[in-house]
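**Q** could you work out the structure for the sequence below:
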Amino acid sequence: MWTSTRSVAEALDHADALADLRVRYDLPPGLIRLDGDSGGPLRTTPARLRRFVMHRHGTHTGRLRGEAEWRREARLAAIALAPLIGAAPKELTVGESTSINLFKGLLAAARLRPGRPVLAVGRDCFAADRFLAKSAAEFLGGRLHLFNDISELAALPPNEVAVVALSHTDLRTGAVRDAAAITAEIHRRGALALWELSHSAGALHVDLHDWRADFAIGCGHKYLGGGAGAPAYSFVADRHRSAFPVCTTAGVLHPLADGFTGSASTLSVSELRTGLSILAGIDVAELAAKTTSLVDLFLDRLDHYCADTSIEVLRPPGPSGAQVLLRHERAQHLANALFDRDIVVEHPATDLLRLNFAPSWLRYVDVWEAAEQLHAALHDVS
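**A** As a prediction, the model looks like this:
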């Protein structure tokens, strides 16, 4: 049980081995972001923009250098990302959005499991993901099966599921799934596993090699600190790479076609690479441990401050991750009241708030203050 004094939070910050990372992010003074975004790395965009404009054409050839530049930045981003998710750089592709990468990943997995018409996707994904997953199934002439729990797959006819796509963190509850065990079960059924890491990478322990994952996707703007507009990434296990011929012509490219997907803005990839460089050399276990401590402190403060209010903490049935979900009948008003107090949260449903705890830029004092402001806001909207 945490003590309720602010001085304890300050002492935790003083002892925090990750505290120095915070100054390298673009964080507006006084704003506490519990939406999972940092605003990106500390801005050096003017210098990058100047370099991009001055060197857009080769000195002697006059040819555009943009494609080569973004490919170089994407390779460097992949190198920086690899240790954070337990992958090798050659297995990673930086570019596109998570939804597009899901579409391509589902198609690629289906090619490895011909004769299996079902694409199984976790229901806790975003609407755009569901639309593109349905498009992938229609493109293949198969069908999409949305499910809530991995146990539901047992009800499907055997030998029909090609791939199972699931988020490592359940967005509806905040629970962290046992990816290694689930992947083993998916493989036992003859299907391939595709993991969505947007709500885990950079805050929780992720190890794609240890999980024996086949595919993975994730965004670059959340805990990885790429900022708004950062490209996403995709992973294809090295053991599957030989199954895909290089394709650079028209048609649907597999996630690692020629090592890359569609080209992204050089500046956005560069911002992501800079965000990832902040985490260079940081042990993922340190990030995960701080995430747990931040969440525990917040929940303790919530129990202390908000026991007399009508807010409900939706505690996951299993291990919790980097987010806390709160239910309140006036959630939108509560989110607005918090915003007026410089606390930014997510409002995913009419009666829900989602708070995300990023270990690389949040302080313990921020968490302490957020709980205090939540208490005040609850009394304002009641």
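**Q** any stretches of the stretch 201-350 of the chain with poor pLDDT?
**A** Applying pLDDT under 70 to the stretch 201-350 of the chain picks out residues 245-265, 307-308.
**Q** phi, psi of the residue nearest to Tyr233 when sequence neighbours are not counted?
**A** Nearest non-adjacent residue to Tyr233, counting by C-beta to C-beta, 6 or more residues apart in numbering: Val94, 5.0 Å away. Where you see a C-beta, it was placed from the backbone N, CA and C, and this is true even at glycine. Phi and psi for Val94, reported as degrees, to the nearest 10, are phi -110, psi 120.
**Q** show me the contacts for Val94.
**A** Counting by C-beta atoms under 8 Å, 6 or more residues apart in numbering, Val94 makes contact with 74, 77-78, 81, 220, 231-233, 260, 264, 269, 272.
**Q** tell me the pLDDT at it?
**A** Val94 is assigned 90 on the pLDDT scale.
**Q** what about it, distance to Ala80?
**A** Counting by C-beta to C-beta, to the nearest Å, the separation of Val94 from Ala80 is 10 Å.
**Q** right, and Val164 touches Leu194 too?
**A** Yes. Taking C-beta atoms under 8 Å as the definition, Val164 is a contact partner of Leu194 at 7.0 Å.
**Q** tell me how many other residues crowd Ala280.
**A** 10 (other C-beta atoms under 10 Å).
**Q** follow-up on the earlier one: which of the contacts of Val94 fall within strands?
**A** Cross-referencing the contacts of Val94 against strands under DSSP state E gives Tyr233.
**Q** narrow the contacts of Val94 to those in helices?
**A** Within the contacts of Val94, residues falling in helices by DSSP state H are 74, 77-78, 81, 269, 272.
**Q** find the pair from those with maximum spatial separation.
**A** Pairwise distances across the ones in helices among the contacts of Val94 (C-beta to C-beta) peak at 11.5 Å, for the pair Leu81 and Val269.
**Q** mean confidence for the helix or strand that contains Glu69?
**A** Using DSSP states H and E, the element containing Glu69 is helix 66-85. Helix 66-85 comes out with an average pLDDT of 84.
**Q** and that helix, what's buried?
**A** Across helix 66-85, burial judged by 16 or more other C-beta atoms under 10 Å covers 69-71, 73-85.
**Q** name the nearest of those residues relative to Val23.
**A** Using C-beta to C-beta, the buried residues of helix 66-85 come closest to Val23 at Ala80, 18.9 Å.
**Q** please name the nearest non-neighbouring residue to that closest one.
**A** Nearest to Ala80 is Leu276, by C-beta to C-beta, 6+ apart, at 3.7 Å.
**Q** which residues are in contact with that neighbour?
**A** Contacts for Leu276 (C-beta under 8 Å, 6+ apart) come out as 77, 80-81, 84, 224-226.
**Q** can I get those in a markdown table including distance to Pro359?
**A** Below are the contacts of Leu276 laid out as a markdown table (distance: C-beta to C-beta, whole Å):
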| residue | distance to Pro359 |
| --- | --- |
| Ala77 | 20 |
| Ala80 | 17 |
| Leu81 | 17 |
| Leu84 | 12 |
| Leu224 | 12 |
| Gly225 | 11 |
| Gly226 | 16 |
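**Q** return the member of the residues you listed nearest to Val345.
**A** Each of these was scored against Val345 by C-beta to C-beta, and Gly225 proved nearest at 18.6 Å.
**Q** I'd say the closest one and Ala203 touch.
**A** No. Look at Gly225 against Ala203 with C-beta under 8 Å: they stay out of range, at 10.7 Å.
**Q** which SS state does the residue nearest the centre of the chain fall under?
**A** In the chain, the residue lying closest to the centroid (C-alpha atoms, centre = their mean) is Ser198, at 1.4 Å. Secondary structure for Ser198, judged by DSSP: H, G, I helix; E, B strand; the rest coil, is coil.
**Q** once you drop chain neighbours, what's closest to it?
**A** Using C-beta to C-beta, 6+ apart and skipping residues adjacent in sequence, the residue nearest Ser198 is Cys219, 4.2 Å away.
**Q** what residues are up against that neighbour?
**A** By C-beta under 8 Å, 6+ apart, Cys219 lies in contact with 97-98, 198, 226, 230, 232.
**Q** Arg341 reaches His375, doesn't it?
**A** No. Counting by C-beta under 8 Å, Arg341 does not reach His375; the two are 10.7 Å apart.
**Q** the lengthiest strand in the chain: how far from the chain's middle?
**A** Across the chain, the longest stretch assigned as strand under DSSP E is strand 161-167. Put simply, strand 161-167 sits 17 Å off its chain's centre (C-alpha atoms, centre = their mean, to the nearest Å).
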